[in-house]
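below: sequence and its predicted model.
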Amino acid sequence: MKTLGLLGGMSWESTVTYYQQINRRVREVRGGLHSAKCIILSFDFAEIEALQRAGHWEAAGVQLEAAAARLALAGADAIVLCTNTMHMVSAGIVAAAQRPLIHIVDPTAEAIRKAGFTAPGLLGTRFTMEKEFYRERLAKEHNLQAVIPDEADRETVHSIIYQELCNGIIKEESRQAYEKVIQNLAAAGADCLILGCTEIGLLVTKSSSDLPVFDTAELHAVAAADWAMLME
């Protein structure tokens, strides 16, 4: 089994989910006492969030690139970036690590296409919803046309992620707010839903959504585990 290098701590709440999902997948496939070979480098998310908020993406990218290079030196065979938003700097991470990066969009898009959907509603941080890096990959690589919330709903989704979910705070009123956003996406033409922030799965479940749900954290973790098990 190959070794996965996890860039985590953005936030650690979702990094826990990644570690659990990767190991559960290995146990499911291999059985017995098998588990994944992982190296985790976890950030102080407050530092990364401050750079995001200030628009200093290049500086944030430099930190992630250095961390990815350290994971490669430690023996990682591939890099798993445990966040959607920071895939904005994924090209630099690949160059720095000289290792494959298992991109979070690809297993999500493949699952959506396999299920027969074409217009996923996209929930995530404001950066993921508004900047082109995510929606462009969905469109150019997978022929999926993302539908994003309107301005007010984007602010709702974004603020709940940073003020609550990244701090492990789960509120019923926030769940209801997300359900309203999802209903609005469906009305705007979305035929399914991407949980495009790895923390959103802490709040939104398949049973609480009016649209079929594709959880990027879960799909990404399973894809990473499968890659590690196949590459022998």
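Received the coordinates, thanks.

and the helix or strand encompassing residue 80, average pLDDT?
Per DSSP states H and E: residue 80 is located in strand 78-81. Averaged across strand 78-81, pLDDT comes to 97.

contacts for that strand?
Residues outside strand 78-81 that contact it (Cβ atoms under 8 Å, 6 or more residues apart in numbering) are 2, 4-7, 18, 64, 68, 71-72, 87, 90, 93-94, 97, 99-102, 104, 220-221, 224, 227-228, 231. C-beta coordinates here come from the backbone N, C-alpha and C atoms, glycine included.

what ranges do the strands span in the protein?
Taking DSSP state E to define them, one finds strands in the chain at 3-8, 37-42, 78-81, 120-123, 192-195, 213-215.

what does the residue lying farthest from the centre of the chain show for phi and psi?
Farthest-out residue of the chain from its mean C-alpha position, per Cα atoms, centre = their mean: residue 32, at 28.7 Å. Main-chain dihedrals, residue 32, degrees, to the nearest 10: phi 60, psi -140.

closest to residue 181 out of the strands of the chain?
Nearest to residue 181 among the strands of the chain is strand 120-123; the distance by Cβ to Cβ comes to 7.0 Å.

what helices and strands are in contact with the closest one?
Contacts defined by 3 or more Cβ pairs under 8 Å, 6 or more residues apart in numbering; DSSP states H and E place strand 120-123 against helix 126-130, helix 132-142, helix 172-187, strand 192-195.

just put these in a markdown table and tack on distance to residue 79.
Converted to a markdown table, those look like this (distance: least, Cβ to Cβ, whole Å):
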| stretch | distance to residue 79 |
| --- | --- |
| helix 126-130 | 19 |
| helix 132-142 | 17 |
| helix 172-187 | 30 |
| strand 192-195 | 21 |
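
below-threshold pLDDT in the chain: ranges please.
231-232 (pLDDT under 70).

out of the strands of the chain, which comes closest to residue 203?
Checked against Cβ to Cβ, the stretch from the strands of the chain lying closest is strand 192-195, at 9.0 Å.

residues contacting that closest one, please?
Here strand 192-195 has contacts from 108, 112, 115, 117, 119-124, 146, 182, 185, 201, 204, 209, 211-217, using Cβ under 8 Å, 6+ apart.

which among these end up buried?
108, 112, 117, 120-124, 146, 182, 185, 201, 204, 209, 211, 213-217 (16 or more other Cβ atoms under 10 Å).

the chain: helices as residue ranges?
12-30, 45-54, 57-73, 90-97, 105-115, 126-130, 132-142, 151-163, 172-187, 216-230 (DSSP state H).

could you pull out the buried residues of the last one?
Within helix 216-230, the residues scored as buried using 16+ other Cβ under 10 Å are 216-229.

just the residues you listed now: which is nearest residue 43?
residue 217 (16.5 Å).

my guess is that closest one contacts residue 19. True?
No - taking Cβ atoms under 8 Å as the definition, residue 217 is not a contact partner of residue 19, at 10.9 Å.

spatially nearest residue to residue 124, not counting backbone neighbours?
residue 196 (3.3 Å; Cβ to Cβ, 6 or more residues apart in numbering).

hmm, who's touching stretch 101-109?
68, 78-81, 83-84, 87, 90, 93-94, 134, 137-138, 141-142, 144, 194, 214, 216, 219-220, 222-224, 227.

and residue 216, how close does it get to residue 21?
Using Cβ to Cβ, to the nearest Å, residue 216 is found at 11 Å from residue 21.
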